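> return a 3D structure for these sequence lines:
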Amino acid sequence: MAVATASTLALTAAACGGDGDSDEKDSGKKSAPSVELPDLKGQKLQVGAVWTGAEEKNFRAVLDEFEERTGAKVSFVPTGDSIATYLSTKIEGGSPPDVAMLPQVGALRQFAEKGWIKPVSNDVQKQLDKNYSDGWRDLGTYKDKQYGVYFKVANKSLIWYNTAAFENAGVSEPKTWKEFLEVAKTVSASGVAPVSVGGEDGWTLTDWFENVYLSQAGPEKYDQLADHEIKWTDPSVGEALETLGELFGDKTLIAGGQSGALQTSFPKSVTQTFTGGDQPKAAMVYEGDFVAGNISADTDAEVGKDAKVFPFPAVGENSPVVSGGDVAVALKDTEGAQALMTFLASTDAAEIWAEAGGFISPNKELDLDSYTDEVQRDIAEALIEAGDDFRFDMSDQAPAAFGGTKGEGEWKALQDFLKNPKDVKGAQQQLEAAAAKAYKN
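Predicted coordinates for the structure are as follows:
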């Protein structure tokens, strides 16, 4: 599988901050618009999304630009984490938002099957054809009809590390799973727990599994498992769990051991890696590019200096490239909804959030200089250069009952596996039982 290589993700001493173009950006100078938008004066739109805090603020800046250019008034509606439930209630009640940002491709397919979302207009399709690779367009389709625009995505194949902990242990960035475990053992011997695992949030464990499985079993098997064309009792799943168990089964390699990891939330898994000076509670933490936002907001560490990143180590021949993302869909077939979809598919909208930080776009025409620092720029470049050879988050493709519900399905099964990594067959049986029920329904 042709994927972004380690050289593409050479995020070594990249310092946080802008480059020579920063003065122009700070001056408020905007790029010439790349897309024409209609006059929507007097129209009101609603946009629903799960985003809060900095993400909501930055998305509102995107909507502000749309308002300025069209005259429409756009209100942001926070949906909470259970966006599918929220939207289905609104749709059945006859008052859905005009546009929604769905965090799961499975939700897009379910909504399209029910007729709840509308195919994109010709103007939206033109922007998609111009700015997006086949892979990202395909993720927004259902039964050969284009419904979605992927606006904000994540590169979920990254290991973030505390540079001081690495320096004290005398280790460097590993490239393979074997090297990764060797580095972890050396870091452990230096007196710092090597890996922080946010096991309290089951979705982080699905991401661990997906990266190991994609690299080890390959993209064809990955696609088959994602569609439940092969069972979770397949030998390839057992092999991936055994590999993951090499980490999860060694208490010396996980901060707090298995029980501690199961009581560690994702935000805590990040903060305990980048606080404590030369003696943090962990040296490494796995998760996507969005970790940079947690580091900047919740610690004194500087991304690119105190906190650096390397690609998820190759278990098989290549390092994996797993992605997730939020897809815009129109729940009303109106001029305003389609105009906003057109704007979100353009480089204009992506540029606004890229310059604000904490954002990766699948828009291949977006100028990489729009990103605020070298770390984000290199992560985005790696995702773009992967072309169509990335794979979308497997749990986000699954029915929510299996891949996206706290305390159930895959989340619960992998938490149980973290508790007892030796029981590979038991974990497989638990995963298959939950998957069979969810996919049948």
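> every contact and neighbour count from this point should use C-alpha atoms.
OK.
> what about K231, neighbour count?
Neighbours of K231 under the rule other Cα atoms under 10 Å: 20.
> which residues touch the residue nearest to it when sequence neighbours are not counted?
Nearest non-adjacent residue to K231, counting by Cα to Cα, 6 or more residues apart in numbering: E432, 6.2 Å away. By Cα atoms under 8 Å, 6 or more residues apart in numbering, the contact list for E432 reads K231, W232, T233.
> does the second one count as helix, strand or coil?
I take that to be W232. Under DSSP: H, G, I helix; E, B strand; the rest coil, W232 falls in the coil class.
> hmm, Y222 and it touching each other?
No - between W232 and Y222 there is no contact under Cα atoms under 8 Å: 11.2 Å.
> mind listing what's buried in stretch 241-249?
L241, E242, T243, L244, G245, L247, F248, G249 (16 or more other Cα atoms under 10 Å).
> T52 reaches T79, doesn't it?
No - if you go by Cα under 8 Å, T52 and T79 don't touch, sitting 9.5 Å apart.
> quick one, strands of the protein?
44-49, 73-78, 99-102, 141-142, 145-146, 148-155, 158-162, 195-196, 284-286, 307-311, 322-330, 391-392 (DSSP state E).
> thinking again about what came up before, can you tell me how far the residue nearest to K231 is from A314?
According to Cα to Cα, to the nearest Å, E432 and A314 sit 26 Å apart.
> then W116?
Where A314 is concerned, W116 sits at a distance of 40 Å (Cα to Cα).
> quick one: which of these two has more around it?
Using other Cα under 10 Å as the criterion, W116 and A314 rank with A314 on top: 22 against 18.
> residues contacting the more buried one?
K175, T176, W177, S215, Q216, P320.
> ranges for the helices of the stretch 251-400 of the chain?
257-262, 266-271, 291-298, 335-344, 347-356, 374-385, 394-397, 400-403 (DSSP state H, counting those that start in this stretch).
> nearest to Y147, of those helices?
Of all the helices of the stretch 251-400 of the chain, helix 335-344 sits nearest to Y147, with 9.9 Å by Cα to Cα.
> other residues contacting that closest one?
Residues contacting helix 335-344 (Cα under 8 Å, 6+ apart): 35, 37-38, 40, 43, 45, 66, 72, 98-99, 120-121, 123-125, 127, 149, 151, 328-331, 349-350.
> of these, just the buried ones, PyMOL syntax please.
Applied in PyMOL, the following selects the buried portion of the contacts of helix 335-344 according to 16+ other Cα under 10 Å:
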select buried, resi 37+40+45+66+72+98+99+120+121+123+124+125+127+149+151+328+329+330+331+349+350
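> returning to what we had before: show me which of the contacts of A314 are buried.
K175, T176, W177, S215, Q216, P320.
> using CSV, lay out these together with pLDDT.
Listed next are those as CSV, based on pLDDT from 0 to 100:
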residue, pLDDT
K175, 97
T176, 98
W177, 98
S215, 96
Q216, 97
P320, 92
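> among those residues, which two are most distant?
K175 and Q216 (14.2 Å).
> thinking again about what came up before, figure out which of the helices of the stretch 251-400 of the chain is closest to F209.
Across those, closest to F209 is helix 394-397 (Cα to Cα), at 9.6 Å.
> looking at the closest one now, give me its mean pLDDT.
Mean pLDDT, computed over helix 394-397, is 91.
> could you do stretch 93-103 as well?
The model assigns stretch 93-103 a mean pLDDT of 95.
> now the terminal residues of it, how far apart.
22 Å.
> closest one to E410 out of the contacts of E432, please.
Nearest member of the contacts of E432 to E410, counting by Cα to Cα, is W232, at 10.4 Å.
> ok so, going back, could you dump the buried ones among the contacts of A314 to CSV with distance to G336?
Shown next, in CSV, are those (distance: Cα to Cα, whole Å):
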residue, distance to G336
K175, 48
T176, 49
W177, 49
S215, 42
Q216, 45
P320, 39
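> which of these fall in helices?
W177, S215, Q216 (DSSP state H).
> okay, those residues in a markdown table with distance to F359 next?
Listed next are these as a markdown table, based on distance: Cα to Cα, whole Å:
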| residue | distance to F359 |
| --- | --- |
| W177 | 28 |
| S215 | 25 |
| Q216 | 29 |
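> burial check on the residue found closest to K175 once you drop the neighbours it is linked to in the chain, number of neighbours?
Here the nearest residue to K175 in space, its sequence neighbours aside, is P313; by Cα to Cα, 6+ apart that works out to 5.0 Å. For P313, the neighbour count with other Cα under 10 Å is 25.
> pretty sure P313 is in contact with S319, am I right?
Yes - with contact defined as Cα under 8 Å, P313 reaches S319; the gap is 5.6 Å.
> mind listing the shared neighbours of these two?
With Cα under 8 Å, 6+ apart, P313 and S319 have common neighbours T176.
> okay, buried residues for stretch 67-75 please.
In stretch 67-75, the ones that count as buried by 16+ other Cα under 10 Å are E67, R69, T70, G71, A72, K73, V74.
> so who does the first one touch?
What that stands for is E67. K73, V74.
> can you give me the pLDDT of it?
Taking E67 on its own, its pLDDT is 98.
> how near is it to N363?
22 Å.
> likewise the last one?
V74 sits 23 Å away from N363, taking Cα to Cα as the criterion.
> same check on G249?
40 Å.
> gap between the two ends of stretch 68-75?
14 Å.
> and what of stretch 304-317?
So stretch 304-317: terminal residues 28 Å apart, Cα to Cα.
> next one: stretch 37-55
End-to-end for stretch 37-55, by Cα to Cα: 24 Å.
> give me the buried positions along it.
Buried, per 16+ other Cα under 10 Å, within stretch 37-55: L37, L40, L45, Q46, V47, G48, A49, V50, W51, E55.
> beta partners for F310?
Taking DSSP bridges as the rule, F310 bridges to I159.
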